[in-house]
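# Below is the sequence, then the predicted model.
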Amino acid sequence: MINDNYKLPDGNVLISFSGGRTSAFMLYKILEANNGLNENVKVVFANTGREMPETYDFVQRCGDEWNIKINWLEFDSYKVSQKNKYSFQEVSHNSASRNGEPFEKLVAVKQTLPDALQRFCTVELKIRTIIRFLKLLVKKLFLSCGRCTQKEQSGGVTWKK
């Protein structure tokens, strides 16, 4: 009998997949309990640029073998009027940073290295990067719901309306 703890709620769901074994086990159990994933579920992998090469291959293999789309995300930043703006890029197994580029960008804009008092790596490189992705999905969903002009609806998503 499949454990109901892995049954997803109705509506839109975002799953953060670290690329580790326990995260893969959780994702597998979710797939098993829900007979796969529907279009209302997004799976994300937030790349720091310093994962082990085997992790990148494992994330790709999970997506391929389980027939699910895994959205690969990386922290990014840019300047607007002398202010740093944080953003993200969607990448793939082939284009993902592997030499610490997202971390280096973060250190450059923070102008300091993380330490015991300034633990911003996981917050910015993973948590807030995923939140930025989620906000973009919500924005696209809002635009695709007919609350805006036709011109503004150019980037709709397939999430449930």
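Noted; the coordinates are in hand. Numbers count the residues shown, from 1 in each chain.

# now the longest helix along the chain, how far from the chain's geometric center?
As assigned by DSSP state H, the longest helix anywhere in the chain is helix 129-144. Remark: helix 129-144 is offset 11 Å from the chain centroid, using CA atoms, centre = their mean, to the nearest Å.

# so what secondary structure elements neighbour that helix?
The elements that helix 129-144 packs onto, with contact taken as 3 or more CB pairs under 8 Å, 6 or more residues apart in numbering; DSSP states H and E, are strand 13-16, strand 41-47, strand 70-80, strand 83-91. (Glycine included, C-beta is placed from N, CA and C.)

# can you list the ones you listed in a markdown table and add distance to Arg61?
Output for the helices and strands packed on helix 129-144, formatted as a markdown table (distance: least, CB to CB, whole Å):
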| stretch | distance to Arg61 |
| --- | --- |
| strand 13-16 | 17 |
| strand 41-47 | 12 |
| strand 70-80 | 10 |
| strand 83-91 | 17 |
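
# just those strands: most buried one?
strand 41-47 (a mean of 23; mean count of other CB atoms under 10 Å).

# how near is Val59 to Phe17?
Relative to Phe17, Val59 is positioned 7 Å away (criterion: CB to CB, to the nearest Å).
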